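Colleague: using only what follows, build the 3D model:
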Amino acid sequence: MLYKDETLANGDRLLLWKMEESADELLSRFTSLREVYAADVSSYKSPKRVQEYLSVRMLLRIALGHEARIDHDQSGKPFLPDEPDVRISISHTKNYAALYVSHHREVGVDIEQMSDRILRVKSKFLCERELSLIDEMDKTQLLLCWSAKEALYKLIPGLRPEYWEQLFLTGIDFSLRTMTFDTNIGSVRLAFRVEEDFVLVYN
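Modeller: As a prediction, the model looks like this:
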């Protein structure tokens, strides 16, 4: 079901879907592209993957007012081949799918399920300087950093596979719900949300 549909101050749109329906139920809700979507997911072995695929396209239909094809460029970035002026970013986690839509700029979004596992891998994606800016024993803060770097990877073209090492946390403001990072394109600010089940970061 639609969990969130928010138009932001800059005109961008942030949408979340809570994946409660079966794949068949989701597919039955489409009309003009139902057969296309069915063909696309026919080779998927994971029911969860089918749910993710269809949930994102439900969000896209809500955002655009009609069904649309999603393609991917050579780097894996999603785009709409029939609507080149629309920019999108996609993310999934357990039970949720996220879509961020803009008509005027590149965007990045990431959603991550709450998990204690992040405590064991923090040193793999954060340097000592970054860890000093947060409570490194707080899984929510660590997840926000992980999610922010994922969103930045989707936002900034040309990052190396070791992109963790090119993105440095410089500040986090919990009252404004923003994070700032030094990147190869300068300082970038991202917004974040924290809910019981997940964290969400976007720009």
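
Colleague: for the rest of this, base every contact and every neighbour count on C-alpha atoms.
Modeller: Fine.

Colleague: low pLDDT regions in the protein?
Modeller: In the prediction, the chain carries residues with pLDDT under 70 at positions 161.

Colleague: what helices or strands is whichever strand in it runs longest leaning on?
Modeller: As assigned by DSSP state E, the longest strand anywhere in the chain is strand 186-194. With contacts taken as 3 or more CA pairs under 8 Å, 6 or more residues apart in numbering; DSSP states H and E, strand 186-194 sits against helix 139-155, strand 178-183, strand 198-202.

Colleague: let's see it at 7 Å
Modeller: Secondary-structure packing of strand 186-194 (3 or more CA pairs under 7 Å, 6 or more residues apart in numbering; DSSP states H and E): strand 178-183, strand 198-202.

Colleague: can you tell me which of these is nearest to residue 95?
Modeller: With CA to CA as the criterion, residue 95 lies closest to strand 198-202 of the helices and strands packed on strand 186-194, at 9.8 Å.

Colleague: who's in contact with that closest one?
Modeller: Defining contact as CA atoms under 7 Å, 6 or more residues apart in numbering, one finds that strand 198-202 is touched by 108-114, 144, 147-148, 151, 190-194.

Colleague: buried only: go through these for me.
Modeller: 108-114, 144, 147-148, 151, 190-192, 194 (16 or more other CA atoms under 10 Å).

Colleague: which stretches of this protein form helices?
Modeller: 23-28, 34-41, 47-64, 118-125, 128-131, 139-155 (DSSP state H).

Colleague: which residues does the shortest one contact?
Modeller: Yep, that's helix 128-131 we're talking about. For helix 128-131, using CA under 7 Å, 6+ apart, the contacting residues are 168-169.

Colleague: buried sites along it?
Modeller: Across helix 128-131, burial judged by 16+ other CA under 10 Å covers 130-131.

Colleague: and if you look at the second one?
Modeller: Judged by neighbour count (16+ other CA under 10 Å), helix 34-41 contains these buried residues: 34, 37-38, 41.

Colleague: can you redo those residues as JSON lines with distance to residue 2?
Modeller: Conversion of the buried residues of helix 34-41 to JSON lines gives the following (distance: CA to CA, whole Å):
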{"residue": "34", "distance to residue 2": "19"}
{"residue": "37", "distance to residue 2": "19"}
{"residue": "38", "distance to residue 2": "21"}
{"residue": "41", "distance to residue 2": "21"}
